[in-house]
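Enquirer: Fold the following for me, if possible:
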Amino acid sequence: MSSTLLKSKQLFSFKAAATWIHCEMGQIWLTDDGQDVILACGEKWLTRGKAPIVIEALQDSKIAIGEIQHKSTPVFNYHADSALAG
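Expert: Numbers count the residues shown, from 1 in each chain. Below you'll find the model as predicted:
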């Protein structure tokens, strides 16, 4: 996985097949095929791979992006309640 540092309010976008996005530091907002998601440090998201992904850093953040290496049942480490918390 490659890591990218983002400053607060910085945008980042890409298009790829099913890809993991891991928030390693900070907090990010992303949109994936019409679904809005907020990830905090330690959370990750598996993209659907059909539309461009747009990410905005809600604070200084570090993200890691990597393609799936093999087929397996995805495990999502995203908690909706954390997206609603402050």
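Enquirer: Show me what the spatially most central residue of the chain is bridged to.
Expert: Residue closest to the average C-alpha location in the chain (C-alpha atoms, centre = their mean): Ile21, at 3.8 Å. With DSSP bridges applied, Ile21 shows beta-bridge pairing to Trp45, Ile65.
Enquirer: For it, which residues are in contact?
Expert: Ile28, Leu30, Leu39, Lys44, Trp45, Leu46, Thr47, Ile53, Ile55, Ile63, Ala64, Ile65 (C-beta atoms under 8 Å, 6 or more residues apart in numbering). Yep, even glycine has a C-beta here, placed from its N, CA and C like the rest.
Enquirer: quick one: which of those is nearest Phe14?
Expert: Ile53 (5.7 Å; C-beta to C-beta).
Enquirer: Tell me how far the closest one lies from Gly34.
Expert: 11 Å (C-beta to C-beta, to the nearest Å).
Enquirer: Neighbour count: the two, which is higher?
Expert: More neighbours surround Ile53 than the other of Ile53 and Gly34, with 20 against 8 (other C-beta atoms under 10 Å).
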